[in-house]
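Trainee: have a look; sequence and predicted model below, questions after that.
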Amino acid sequence: MNYFLTEEQQMIKDLAARIAREKIAPVAHELDEKEEFPWDIMKILAESDLFGVWVPEEYGGLGGGVFEQCLVVEELSRACAGVATTYASSALGGYPILLFGTEDQKRKYLPDIASGRKLAAFAQSEAEAGSDAGNIQTTAVLDGDHYVLNGMKQWITNGGEADIYTVLATVDRSKGVRGVTAFIVEKGTPGFEFGRKEKKMGIRCSSTRELIFKDCRIPRENLLDREGKGFLVAMKTLDRTRPGVAAQAVGIAQGALDEAAAYARERVQFGKPIGEFQAIEHMLADMATLVEAARALTYATARMIDAGEREFSKESAMAKVFASDVAMRVTTDAVQILGGYGYMRDYPVEKRMRDAKVTQIYEGTNQIQRSIIGPAVIREAARRKRESG
Amino acid sequence: MKMVAGLNMTLHITVCMKQVPETDEVRIDRATGTLVREGVPCIINPPDLNALEEALRIRERIKSGATEGATASAPVFTPVVTVVSMGPPQTEASLRDALALGADRAVLLCDRAFAGADTLATSYTLAAAIRRLWGDQGTMLIICGNKSADGDTGHVGPQLAEKLGIPHITSVRRLDLDMEGPEVAGVRAERLVDDGYEAVEAPLPLLVTVVKGINSPRLPSLKGMMRAKKAVITVWGASDLDVDAGRTGLAGSATRVVKVFEPERPKSRGEFLTGTPEEQARELLGKLREARVLL
Ligand SMILES: Cc1cc2nc3c(=O)[nH]c(=O)nc-3n(C[C@@H](O)[C@H](O)[C@H](O)COP(=O)(O)OP(=O)(O)OC[C@H]3O[C@@H](n4cnc5c(N)ncnc54)[C@H](O)[C@@H]3O)c2cc1C
Ligand SMILES: Cc1cc2nc3c(=O)[nH]c(=O)nc-3n(C[C@H](O)[C@H](O)[C@H](O)COP(=O)(O)OP(=O)(O)OC[C@H]3O[C@@H](n4cnc5c(N)ncnc54)[C@H](O)[C@@H]3O)c2cc1C
């Protein structure tokens, strides 16, 4: 489908696609097997200016938005979703600074994130606070000019590798969600350490790690927005980054579809290519239709956000939920079309199926997304009722 | 011999770049005996990308003062990378690609009078352009590819050096700048030869031709691509250069392509021998005797 990209968007997409094809695809299998953090590729992405597509020009970026970021994530995901996660998580860590940071904070951190000189990360989840983000146990206590952090974060993408962390902690546990507060913490701050590195089902080259805070003193000016606003910071950030997870899902699914279609043309059983059996043909038809629908919803949402719409939690959740469910189904079907080969680790589709799964889990599980969409639908019905009656 | 330049001079690094058809299988029109160019997209001659990469790395090394032997003082040379190409108007696209990769400036030599040039006329015209570019300011390093993917003669680099009266080193697989404090005294190069490499030192000004293995070219950056899109490419024709019209293009070519043909494919087909190495050797020997190649 033609999405009528601007010349600049086409340039961004083409460059990301070229890097994916020439630099990422050849090493994706090896990165997965070795669970090795893709620093070489991060360096290439940095030199190509891709880390800055969503950052305004005054902070060293290219002045694009959510849509440009989605174009990059989708192309990278066609080659390796682990690389794409690593890349996208830097934006996830950086967005809170762009959306809620002071001018000084933006000038201090965004240029390094935009150039890719430094990676960023976003640390919300804890052992007891997954979907229930209000239950954060990590504490931040004001002591003179410093906040003192204590506690542990779990499953933080880019943990250990990133230099800049947006961290959610509570200044008052008794206040629940209204105690949650966001801070910027730099790697190397005394009392800030890294724990276990997880072994994962998919996106295995990405780093998922514990963050440990032991009397970690950070300057007071590293507070993001105000005390008690951390939950809002997180929600507004995720509203803007969930289309990126959707784009990741679209890229994974497109890659799987491409491989399945190519295989269906070539694999001969009962004297003809399996693609000529209607059962396979119809599977491919459904896969292609779903991928295009997921892409269309993702692009429409991203463009709506960039155009300045104020309220987009529902659409952002819809794009994420739909595209990630599509990715799971399409990658499962791709494995089916490749038969036994599909199940083998020497063929790339089983990796896509493993990678797809996480898009239904992180940045809010798909159950949680539906819990955002559902109430919004009810609210809209109530508003219609009010307006008509 | 070494050349030490004065204060605050420009180190002109010029990359000669040729646009070639993107294909390893150059096809020939049997009727006209010319290359089939229709429908074949054009790219930068692959080793010329390595030449550009080497130029960009030298510029970066000098700017960061990271060159071997460099002292802490600021570099005396300001390196400027210029890409020059002679070719038809569509060569501009390749020059923009070069700008996107980081070249400071691009010059296109484009004129009907330049068309049909052989290597003699090509190097004559390039020499005139380089003289105009440099004037007598600063010092110079010219980097070419070792061979073009289509013409494949490897003549242009050495001929150009000869026309400019400067030394040249061909088939360079490694290039290091020789610094004396902040000044570039010359280069040390490893030059590929049949059975290894030769280590060669030379002063500037100098021309080198590089092989593909010297480095791996970078990809363009988005900011570079956007800059390149807006950049103005200098276009020079015969009237802009100090050239004698009879020495450029077809008129200035000492050679004439009389006939271009595809060699006949050999009629006899290959044969595969099987078995252990000893068995294969024995069978081969027998066949060679049979064919009276060995007696
Ligand atoms: C089918 C065919 C037949 C030919 N027959 C002859 C012949 O009989 N006699 C003859 O002299 N030539 C011949 N040529 C070559 C000639 O026409 C050239 O294409 C041209 O002169 C450059 O030579 P080259 O391609 O061999 O470059 P090479 O000498 O192989 O190129 C080496 C380097 O020189 C530089 N360079 C070359 N051309 C340019 C350019 N236009 N602009 C900027 N830099 C450049 C590049 O850095 C390149 O990597 C033939 C070419 C073809 C395709
Ligand atoms: C690879 C990976 C990378 C990650 N990276 C980061 C990161 O960079 N930063 C970060 O902060 N976090 C990160 N996470 C954590 C991720 O965001 C959480 O895993 C996710 O929010 C779910 O939390 P949980 O795992 O604790 O599941 P739980 O919240 O315990 O949920 C378990 C199950 O219960 C369901 N459930 C829970 N509550 C409800 C409800 N109210 N209604 C219906 N169903 C419900 C869930 O949908 C799920 O199916 C990452 C996770 C993974 C796997």
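Mentor: Yep, it's here. Ligands and ions are numbered 1, 2, ... in the order given.

Trainee: now the residue of the stretch 151-295 of chain B found nearest ligand 1: closest residue in space that isn't a chain neighbour?
Mentor: For the stretch 151-295 of chain B, the residue closest to ligand 1 is residue B:151, as judged by Cβ to the nearest ligand atom, at 2.1 Å. To be clear about C-beta, it is placed using only N, CA and C from the backbone, and glycine gets the same treatment. Residue nearest to residue B:151 in three dimensions, not counting chain neighbours: residue B:119, with 7.3 Å by Cβ to Cβ, 6 or more residues apart in numbering or on different chains.

Trainee: thought the one you found was touching residue B:159?
Mentor: Yes. Using Cβ atoms under 8 Å, residue B:119 is in contact with residue B:159, at 6.0 Å.

Trainee: could you pull out the helices for chain A?
Mentor: Ranges of helices in chain A, per DSSP state H, are A:7-19, A:25-34, A:39-47, A:66-79, A:81-100, A:103-115, A:230-266, A:278-306, A:313-337, A:339-342, A:349-359, A:366-388.

Trainee: what angle sits between the third one and helix A:25-34?
Mentor: So the one you mean is helix A:39-47. 140 degrees (axes from the mean of the first three to the mean of the last three Cα atoms, to 10 degrees).

Trainee: just the CA atoms of helix A:39-47, as PDB, please.
Mentor: The C-alpha trace of helix A:39-47 is given here as PDB (Å, rounded to 0.1, in the frame of the first residue of the first chain):
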ATOM      1  CA  TRP A  39      27.100  -2.500  20.000                       C
ATOM      2  CA  ASP A  40      28.500  -2.600  16.500                       C
ATOM      3  CA  ILE A  41      25.100  -2.000  15.100                       C
ATOM      4  CA  MET A  42      24.200   0.700  17.600                       C
ATOM      5  CA  LYS A  43      27.300   2.500  16.400                       C
ATOM      6  CA  ILE A  44      26.200   2.200  12.700                       C
ATOM      7  CA  LEU A  45      22.700   3.500  13.700                       C
ATOM      8  CA  ALA A  46      24.300   6.400  15.600                       C
ATOM      9  CA  GLU A  47      26.500   7.400  12.700                       C
END
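
Trainee: ok, the residue nearest to residue B:151 - how many residues close by?
Mentor: When neighbours are defined as other Cβ atoms under 10 Å in any protein chain shown, residue B:119 has 20 of them.

Trainee: tell me the confidence at residue 1?
Mentor: Since you didn't name a chain, this refers to chain A. Looking at residue A:1, its pLDDT is 93.

Trainee: not quite, I wanted chain B
Mentor: 31.

Trainee: burial count for residue A:348?
Mentor: Neighbour count for residue A:348, taken as other Cβ under 10 Å: 20.

Trainee: quick one, phi/psi of it?
Mentor: The phi/psi pair for residue A:348 (degrees, to the nearest 10) reads phi -80, psi -10.

Trainee: for it, give its distance to chain B.
Mentor: Distance of residue A:348 to chain B, computed by Cβ to the nearest Cβ, to the nearest Å: 23 Å.

Trainee: list the contacts for the residue in chain B positioned nearest to ligand 2?
Mentor: Chain B approaches ligand 2 most closely through residue B:222 (25.6 Å), counting by Cβ to the nearest ligand atom. By Cβ atoms under 8 Å, 6 or more residues apart in numbering or on different chains, the contact set of residue B:222 is A:11, A:12, A:15, A:48, A:49, A:50, A:52, A:53, A:62.

Trainee: apply 10 Å and report the result again.
Mentor: By Cβ atoms under 10 Å, 6 or more residues apart in numbering or on different chains, the contact list for residue B:222 reads A:8, A:11-12, A:15-16, A:48-50, A:52-53, A:61-62, A:64, A:68, A:72, B:100.

Trainee: just to revisit the earlier point, between residue B:119 and residue B:159, which contacts overlap?
Mentor: residue B:153.

Trainee: residue A:65: neighbouring residues, count only.
Mentor: Close neighbours of residue A:65, defined as other Cβ under 10 Å, add up to 19.

Trainee: quick check: it touching residue A:309?
Mentor: No. Using Cβ atoms under 10 Å, residue A:65 is not in contact with residue A:309; the gap is 11.7 Å.

Trainee: which neighbours do the two have in common?
Mentor: Common neighbours of residue A:65 and residue A:309 (criterion: Cβ under 10 Å, 6+ apart): residue A:303.
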